[in-house]
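Undergrad: Build the 3D model from these lines:
(2 chains)
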Amino acid sequence: MRELSLHILDLVQNSIEAGANKVTLDIIEDIHGMDTFLICVTDNGRGMDEATCKKVIDPFVTTRTTRRIGLGLPLIEMSTKRCNGSLTVTSTLGCGTVVEALYQHSHLDRPPLGKISETIKSIVIANPKLHFIYYHTVGQAVFALTTQDLIEILGNIPLTQPDVLVWLNEYLTHNEMTLYK
Amino acid sequence: MKTIEDLKRLRQQVQSQTRVRQECSKQIIVGMGTCGIAVGARDVMSAILDEISKRKLEDITVRQTGCMGMCEKEVLVDIVLPGEPRITYGRVTAADIPKIIAQHVINGQPVKEMVVGKFTE
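TA: Numbering: from 1, shown residues only, chains lettered A, B, ... in the order given. Okay, here's the model as predicted:
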């Protein structure tokens, strides 16, 4: 995929399909220290036993019933390997799963993060019952967002209300941009 | 409008105007499996949300779904109008969204050239 934010969308989609109602997304860009770019998706879905967990990065292993191939995890793993990085999947059956994708930040082949605001918007709006927690750290700057907080402020007004959509767009774009200043 | 304070102010404004009619809402469902994401499902989703804000549509529910099986026809978008069968559009791009919303979601006329299949519940 051309942008890391598209891989992120895919990982969160996996969590939702595993039955998670709480997903945490951490993006940590350690530009001044270790030169690493870390994406970490943690969910409270159904989890996997040790055997399944080891096999899950294989493209011929998938939980979907419509096809026999699942390319989401193998593709992100391939992208990490091109950048001196790695993909780690840890899981506990009945509790949840953690997927960590690590890249060398300055590597020439590292895809850009891309339109992360669009990814967050998509996750938040299309899954109103999902408790989504987002942290994006660039050096020392942090942007945090929790859907529970937004829903508390909005009360019975849905996130798809047109004016709220406009606000969400500007809120995400502005805060993401500020991280890099 | 880009702070949490702005959102609180917006809530006050909108509170009086909103009629919550979730049961009768029109549904737009975008296929967001790996196949869909790889060919632009996120941009289609953004285009849908843009149309909703531009046209100030209040009775739409937007959802994502996983792989629907017709991977070669991604991006897939399903429209379900109250009382109507579910219509699936295939090979949808962000540029097609204004037409689908105007013709089908608002005026009830499916865009026949783009339809892939029909499910009757």
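Undergrad: going forward, measure contacts and count neighbours with C-alpha atoms only.
TA: Noted.
Undergrad: Contacts for stretch A:64-79 next, please.
TA: Stretch A:64-79 is contacted by residues A:1, A:7, A:10-11, A:56-63, A:86-87, A:101, A:110-111, B:34, B:67-69 when judged by C-alpha atoms under 8 Å, 6 or more residues apart in numbering or on different chains.
Undergrad: Now the buried members of the residues you listed.
TA: The neighbour-count test (16 or more other C-alpha atoms under 10 Å in any protein chain shown) marks A:7, A:10-11, A:56-57, A:62, A:86-87, A:101, A:110-111, B:34, B:67-68 as buried among the contacts of stretch A:64-79.
Undergrad: Could you pick out which of those are located in helices?
TA: Judged by DSSP state H, helices contain the following of the buried ones among the contacts of stretch A:64-79: A:7, A:10-11, B:34.
Undergrad: Strands - which of the contacts of stretch A:64-79 land there?
TA: Among the contacts of stretch A:64-79, the subset assigned to strands under DSSP state E consists of A:86-87, A:101.
Undergrad: Adding pLDDT, write those out as CSV.
TA: Converted to CSV, those look like this (pLDDT from 0 to 100):
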residue, pLDDT
A:86, 95
A:87, 95
A:101, 96
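Undergrad: closest to residue A:159 among the residues you listed?
TA: Nearest to residue A:159 among these is residue A:101, at 29.7 Å by C-alpha to C-alpha.
Undergrad: got the CA coordinates for stretch B:92-109 in CSV?
TA: The C-alpha coordinates for stretch B:92-109 follow below in CSV (Å, rounded to 0.1, in the frame of the first residue of the first chain):
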residue,chain,number,x,y,z
VAL,B,92,-16.7,2.9,-7.3
THR,B,93,-14.3,5.8,-7.3
ALA,B,94,-14.5,9.1,-5.3
ALA,B,95,-15.6,10.9,-8.5
ASP,B,96,-18.7,8.6,-8.8
ILE,B,97,-19.9,9.5,-5.3
PRO,B,98,-21.7,12.8,-6.0
LYS,B,99,-23.8,11.1,-8.7
ILE,B,100,-24.7,8.1,-6.6
ILE,B,101,-25.7,10.3,-3.6
ALA,B,102,-27.7,12.7,-5.7
GLN,B,103,-29.5,10.2,-7.9
HIS,B,104,-29.9,7.2,-5.6
VAL,B,105,-29.6,8.3,-2.0
ILE,B,106,-31.6,11.5,-2.4
ASN,B,107,-33.8,10.8,-5.4
GLY,B,108,-34.3,7.0,-5.0
GLN,B,109,-33.1,6.1,-8.5
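Undergrad: mind listing what residue A:133 touches?
TA: Contacts for residue A:133 (C-alpha under 8 Å, 6+ apart) come out as A:22-25, A:144-147.
Undergrad: Could you check how far the residue lying closest to residue A:2 once chain neighbours are set aside is from chain B?
TA: The spatial neighbour of residue A:2 that comes closest, neighbours along the chain excluded (C-alpha to C-alpha, 6 or more residues apart in numbering or on different chains), is residue A:111 at 6.3 Å. From residue A:111 across to chain B, the span is 14 Å (C-alpha to the nearest C-alpha, to the nearest Å).
Undergrad: Could you list the low-confidence segments of the chain?
TA: You didn't pick a chain, so chain A it is. For chain A, no stretch has pLDDT under 70.
Undergrad: Not quite, go with chain B.
TA: For chain B, the stretches with pLDDT under 70 are B:16-24, B:117-121.
Undergrad: How many residues are close by residue A:140?
TA: 11 (other C-alpha atoms under 10 Å in any protein chain shown).
Undergrad: cool, and residue B:37?
TA: Neighbour tally, residue B:37, other C-alpha under 10 Å: 21.
Undergrad: Show me what the host helix or strand of it is packed up against.
TA: Element membership of residue B:37, judged by DSSP states H and E, is helix B:34-38. When contacts are defined as 3 or more C-alpha pairs under 8 Å, 6 or more residues apart in numbering or on different chains; DSSP states H and E, helix B:34-38 sits against helix A:4-17.
Undergrad: Can you name the residues in contact with the helix it packs on?
TA: A:1, A:23, A:39, A:41, A:43-45, A:72-73, A:76, A:97, A:99, A:111-116, A:119, A:123, B:32-34, B:37-38, B:42, B:66.
Undergrad: what does chain B put close to chain A?
TA: B:1-3, B:6-8, B:10-11, B:14-15, B:18, B:20, B:32-34, B:37-38, B:42-43, B:45-46, B:49, B:52-54, B:56-58, B:60-64, B:66-69 (C-alpha under 8 Å from any C-alpha of the partner chain).
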